[in-house]
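[1] What follows is a predicted structure for the sequence shown.
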Amino acid sequence: MMSCDIFALANTGVQGLQPYQAGKPTEELERELGLTDIVKLASNENPLGVSELVQATVSNEIAGLTRYPDANGYYLKQALAKKYGVTAEQITLGNGSNDVLELIARSFIAAEHEVIYAEHAFVVYPLVTQAIGATGVAVPAKDWGHDLPAMLAAVTDKTRVIFIANPNNPTGTFLTAEALYEFISQVPKSVIVVLDEAYFEYVADEDKAPSVNWLTEFSNLIITRTFSKAYGLAGLRVGYSISSTDIADILNRVRQPFNCNSVALAAAEAALQDHDFLTASVALNNSQKGVLEAFFDAENIRYIPSQGNFITIELVQDPLAVYQALLHKGVIVRPVMGYGLTQHLRVSIGNENENRTFMTALVDVLAGLRQTEQ
Ligand SMILES: *Cc1c(COP(=O)(O)O)cnc(C)c1O
């Protein structure tokens, strides 16, 4: 019997995709190496854990799990609308903001379109573009970050969406409010600008772009944010966009009605109320970022200055060898070769203990590699 080539049946764009490389789960490493006390600094998760208010809320939701969630996410949208001074009709909820990014792609991009993003930008932009069979235009980075004038110059009649991550992952690079505003002002209104602010809460207050205020001026602007990072809810999958009501209306047509589960909706709403947890998360990140930066400086390890909850370091050694050796010491960081960052590793900023373990392990690993070279 002839076997059918299933791969050939997949959409052309899908055939070209590589499966997403997630950070290695701790359980897997524990199984493989028989290690315990593993430190995972690979997926930019919040080292403070889950706020107590959220934990109590999650427990309360369990009894209601027999019911479908609120398809409209009424209460969470109300809370977000109040927080940002927008209407609930401007908000689109997603199963993580990744879900929203995909909704945007499926709503606005077709095979004949071009999609602009920066070299070394978040992997989901090329992924959602390619899955549709559209043409991705990766504009060369400037100082590891977005080159906005070059991105503007890349706009053609076929451009439908521009993705911008601010701060960017995996580089941590940051665009000023002035530069962003100027850029968005010059993009044709027929091109959707997606401003991905997954790390917004970590940005220094004086540097935060007033992007939500810009929505009144730019009907083509979509801001995406998430509960996965500073709010500590990566496992629950909740993100959202804020946009014009026209855009939200379109996204909500494509959206699966129950894309946000009931526990996630309630937990996110509670997380918004827990100001102390958010403040503590940001404060911990800031202080530990300083500790790591001082360490890198002292060890002559280059790094890209970051406004996120992670730092990308540039090594003279083979980054995969360093990654593997760190794994054997029970520390998981993130290789970023797939982002065209061939000499780099991305390290999420952990708590004090985690960072200390990482720093000790890195010093050992680099010393060990130096010895084998000699
Ligand atoms: C982590 C991250 C997201 C958020 O992903 P979720 O799906 O909300 O967990 C979005 N954009 C960037 C650039 C990120 O790094």
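    Great, that's in hand. Numbers count the residues shown, from 1 in each chain.

[2] Spell out which residues of the chain are next to the ligand.
    Within the chain, the residues that sit near the ligand (C-beta under 6 Å from any ligand atom) are 44, 96-98, 122, 165, 169, 196, 198, 226, 228-229, 234, 239. Bear in mind the C-beta positions are built from the backbone N, C-alpha and C, glycine included.

[3] What is the least confident helix or strand in the protein?
    helix 26-33 (a mean of 84; mean pLDDT, DSSP states H and E).

[4] What residues sit buried inside that one?
    Of all the residues in helix 26-33, those buried under the rule 16 or more other C-beta atoms under 10 Å are 26, 29.

[5] So the spatially closest residue to residue 314 that is not a sequence neighbour versus residue 144, what's the distance?
    If the residues on either side of it in the chain are set aside, residue 314 comes closest to residue 302, at 4.2 Å by C-beta to C-beta, 6 or more residues apart in numbering. Distance of residue 302 to residue 144, given as C-beta to C-beta, to the nearest Å: 11 Å.

[6] likewise residue 319?
    Counting by C-beta to C-beta - residue 319 and residue 144 are separated by 15 Å.

[7] the more surrounded of these two?
    residue 319 (22 against 19; other C-beta atoms under 10 Å).

[8] quick one, what contacts whichever residue of the stretch 1-150 of the chain sits closest to the ligand?
    Nearest to the ligand, among the residues of the stretch 1-150 of the chain, is residue 96, at 2.5 Å (C-beta to the nearest ligand atom). By C-beta atoms under 8 Å, 6 or more residues apart in numbering, the contact list for residue 96 reads 226, 228, 237, 238, 239.

[9] circling back to that earlier point, and the residue nearest to residue 314, what are its phi and psi?
    phi -80, psi 150 (degrees, to the nearest 10).

[10] low-confidence ranges in the chain?
    Counting by pLDDT under 70, the chain shows low-confidence ranges at 1-2, 374.

[11] how about the helices in it?
    With helices called from DSSP state H, the chain shows them at 6-9, 12-15, 26-33, 52-61, 74-84, 97-108, 124-132, 148-153, 177-186, 245-254, 262-273, 275-298, 319-328, 352-373.

[12] Of all those helices, which one is nearest residue 335?
    helix 319-328 (5.0 Å; C-beta to C-beta).

[13] Show me what that closest one is packed up against.
    Here helix 319-328 touches helix 26-33, strand 334-335, strand 344-348, helix 352-373, going by 3 or more C-beta pairs under 8 Å, 6 or more residues apart in numbering; DSSP states H and E.

[14] Recalculate using a threshold of 7 Å.
    strand 334-335, strand 344-348, helix 352-373 (3 or more C-beta pairs under 7 Å, 6 or more residues apart in numbering; DSSP states H and E).

[15] Point out the most buried one among these.
    strand 344-348 (a mean of 26; mean count of other C-beta atoms under 10 Å).

[16] Pull it out as CSV, backbone CA atoms only.
    Extracted in CSV, the C-alpha atoms of strand 344-348 (Å, rounded to 0.1, in the frame of the first residue of the first chain):
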residue,chain,number,x,y,z
HIS,A,344,24.5,34.5,23.0
LEU,A,345,22.6,33.0,25.9
ARG,A,346,19.5,34.6,27.4
VAL,A,347,19.2,34.4,31.2
SER,A,348,16.0,35.2,33.0
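
[17] now the closest residue to the ligand within the stretch 251-374 of the chain, nearest residue through space, not along the chain?
    Ranked by C-beta to the nearest ligand atom, the top residue of the stretch 251-374 of the chain for proximity to the ligand is residue 308, at 7.6 Å. Nearest residue to residue 308 in three dimensions, chain neighbours excluded: residue 199, at 4.1 Å (C-beta to C-beta, 6+ apart).

[18] quick one: residue 266 and residue 59 touch, right?
    No - with contact defined as C-beta atoms under 7 Å, residue 266 does not reach residue 59; the gap is 10.3 Å.

[19] For the stretch 101-250 of the chain, which segments are assigned as strands?
    Along the stretch 101-250 of the chain, the stretches classed as strands by DSSP state E, counting those that start in this stretch are 114-118, 135-139, 159-165, 192-196, 221-226, 239-243.

[20] show me what contacts the closest residue to residue 335 other than its chain neighbours?
    Nearest residue to residue 335, sequence neighbours excluded (C-beta to C-beta, 6+ apart): residue 323, at 5.0 Å. Each residue near residue 323 by C-beta atoms under 7 Å, 6 or more residues apart in numbering is listed here: 333, 335, 345.

[21] I'd like the contacts of residue 96 written out as TSV, with neighbour count and distance to residue 148 added.
    Compiled in TSV, those are given as follows (neighbours: other C-beta atoms under 10 Å; distance: C-beta to C-beta, whole Å):
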residue	neighbour count	distance to residue 148
226	25	23
228	22	26
237	20	31
238	28	30
239	26	24
